[in-house]
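**Q** Fold the following.
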Amino acid sequence: MTVRRCAAALAAATAVLGAAAPAAVAAPSPAAVPPGLYGAKDPTYDGVFRQSLAFLAQEKADVTPAGQAVGWLTGQQCADGSFMAFRADTAKACDATKLDTNATAAAVQALVAVGGHTDAVKKSVTWLKSVQQDDGGWPYTPGMGGSDANSTAIVIGALAAAGEKPADVKSAKGGKSPLDALLTFALPCDDPDGAGAFAFQPDPKTQKLYANPDATAAAVTGSLGKGLAATAGSPDTKGTACAKASTPEQGAHNGAAYLARTLAPTGFLKSAMPGATDQPDVGNTADAVVALAAAGLPDQAKKSADWLAKNAAAWAKENGPAAYAQLVFAADATGADPKNFGGTDLVKALNATGPAPEAAASSSAEKKDDAQKSEKKNDGISVWWIVGVGLVAGIGVGFLISGRKKNQQL
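**A** Residues are numbered from 1 along each chain as shown. Next up is the predicted model:
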């Protein structure tokens, strides 16, 4: 996660400067990990992001993060409501050149999930609206480059979590919504390499769109008006057919169909690093699983979630809290148990990367709660049996999609 966010930042900066990245760049000294922050690695590029994902994943498991951890996140907020990726010294004013739409949007979703931070959320949403671009979207850093699919999608998730209607959040100049912006990144159905996919951004020289699986996963959930921790949606009966994306919903369907086709041969997405052979991209695969489930394509979502359950444990252990959170989202979206995901208790492992939670359910409490749920379930079944199973045989059960990051253009 950190590596990919760093790469996205570098790609964005390179595009803005209009030049290739220098052959050698002096790496900044690693920042110390402050008390309250999840993870043990340098937080310079992803401190707020990984903290936010940790909170969203804990909310899925009914775990209340430690007050110290929540206090760390709220203390990162800038005076205008924005967030940087990380503020080592919160006594100093935020650097305007380092304000981060993705960190801000992730923090909004996390603080809504935690609850009790209405003013902070409103302040961040106001800032996000103030830096919306004319096309309706957002870039990684305001004022640096054009809008991109990932940044726009994660802001949509923040708006929705905060109670806004993304379709109604329109740019002051142009009157475009973020959903309008996402459609501009959608590849047409006759594209030979990425029919229905989304691009991160148009190529800065040719304006051509190139399929990007990570941008596609983000854009699918964003087009559905949902966020990082989206859950399973109603079944999509269109299969993997592609049609002109004239609406956000059709764009989401096309993007999900592209992901399903891409994942089908192996179950995972591939990442080709310069000079290296193709290898599984675990993080992008987890995001794709959430997108597929949210778009109502559960079969491929489950197959890829099963692949993650068998292969992602070492990756998550190496990459820390954000990685565990991504797997929690994938498990939750496909009905798997995040406390036994391929033999790994993702929730326990995530909790262990930060301060002890305030209210992690005890084993006895869990057993009591499970027993009560089972009793209610049995009572419900017997009542329906008396009334007649035929009354419910034709009812399709839909799941509301509830309240994902950027990546460099591939």
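**Q** all strands for the stretch 201-350 of the chain, in order.
**A** In the stretch 201-350 of the chain, the strands defined using DSSP state E, counting those that start in this stretch lie at 270-271, 279-280.
**Q** out of these, nearest to residue 165?
**A** With CB to CB, the closest approach to residue 165 among the strands of the stretch 201-350 of the chain belongs to strand 270-271: 35.1 Å. Just so you know, the C-beta spots here come from the backbone N, C-alpha and C atoms, and that holds for glycine as well.
**Q** what sits up against that closest one?
**A** By CB atoms under 8 Å, 6 or more residues apart in numbering, the residues outside strand 270-271 that reach it are 278, 279, 280, 281, 284.
**Q** make it 6 Å
**A** Residues from elsewhere that reach strand 270-271 (CB atoms under 6 Å, 6 or more residues apart in numbering): 278, 279, 281.
**Q** Count the residues that sit near the closest residue to the second one other than its chain neighbours.
**A** Taking CB to CB, 6 or more residues apart in numbering, and ignoring the residues beside it in sequence, residue 279 has residue 271 as its nearest neighbour in space, at 6.0 Å. Taking other CB atoms under 10 Å as the criterion, the count of residues near residue 271 is 19.
**Q** Now do residue 271, the pLDDT please.
**A** In this prediction, residue 271 carries a pLDDT score of 85.
**Q** Next: residue 21.
**A** Note on residue 21: pLDDT of 40.
**Q** now swap in the one 4 residues further on and tell me
**A** At residue 25 the predicted local confidence, pLDDT, stands at 49.
**Q** same question, residue 389
**A** pLDDT, residue 389: 31.
**Q** mind listing the helices for the stretch 51-200 of the chain?
**A** Counting by DSSP state H, counting those that start in this stretch, one finds helices in the stretch 51-200 of the chain at the ranges 67-75, 101-114, 118-130, 149-161, 178-183.
**Q** give me the number of residues near residue 180?
**A** Per other CB under 10 Å, the neighbour tally for residue 180 reads 18.
**Q** pretty sure it contacts residue 135?
**A** No: under the criterion of CB atoms under 6 Å, residue 180 makes no contact with residue 135, lying 7.3 Å away.
**Q** what about the stretch 101-250 of the chain, any weak spots by pLDDT?
**A** In the prediction, the stretch 101-250 of the chain carries no residues with pLDDT under 70.
**Q** Contacts only, for the closest residue to residue 174 other than its chain neighbours.
**A** Spatial nearest neighbour of residue 174, excluding adjacent residues (CB to CB, 6+ apart): residue 134 at 4.4 Å. Listed by CB under 6 Å, 6+ apart, the contact partners of residue 134 are 171, 173, 174.
**Q** With neighbour count and distance to residue 46 added, can I get those residues in CSV?
**A** Converted to CSV, these look like this (neighbours: other CB atoms under 10 Å; distance: CB to CB, whole Å):
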residue, neighbour count, distance to residue 46
171, 19, 28
173, 10, 32
174, 14, 32
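**Q** Of the contacts of strand 270-271, grab the buried ones for ChimeraX.
**A** Buried residues within these, by 16 or more other CB atoms under 10 Å, are selected in ChimeraX with:
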select :281
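**Q** Out of the contacts of strand 270-271, flag the one nearest to residue 348.
**A** Within the contacts of strand 270-271, proximity to residue 348 (CB to CB) peaks at residue 281, which comes in at 25.2 Å.
**Q** Quick check: chain neighbours aside, which residue is closest to the closest one?
**A** Nearest one to residue 281, counting by CB to CB, 6+ apart, is residue 271 at 3.5 Å.
**Q** do you know how far that neighbour is from residue 214?
**A** Shown here: residue 271 relative to residue 214, a distance of 9 Å by CB to CB, to the nearest Å.
**Q** Repeat that for residue 146.
**A** According to CB to CB, residue 146 and residue 214 sit 18 Å apart.
**Q** Which residue of the two possesses the greater neighbour count?
**A** Taking other CB under 10 Å, residue 146 and residue 214 do not tie; residue 214 has more neighbours (29 against 18).
**Q** my guess is the more buried one meets residue 285, correct?
**A** No: using CB under 6 Å, residue 214 makes no contact with residue 285, being 9.8 Å away.
**Q** how about the contacts of residue 134 in JSON lines, adding distance to residue 188?
**A** What follows is the contacts of residue 134, written out as JSON lines (distance: CB to CB, whole Å):
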{"residue": "171", "distance to residue 188": "24"}
{"residue": "173", "distance to residue 188": "27"}
{"residue": "174", "distance to residue 188": "23"}
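**Q** And the helices in the stretch 201-350 of the chain?
**A** 213-223, 248-263, 282-294, 298-311, 313-319, 321-333, 346-351.
**Q** Just want the angle from the first one to helix 282-294.
**A** So that's helix 213-223. Going by axes from the mean of the first three to the mean of the last three CA atoms, to 10 degrees, helix 213-223 is angled at 30 degrees with respect to helix 282-294.
**Q** hmm, back to that, looking at the contacts of strand 270-271, which is nearest residue 292?
**A** Nearest to residue 292, judged by CB to CB, of the contacts of strand 270-271 is residue 281 at 15.2 Å.
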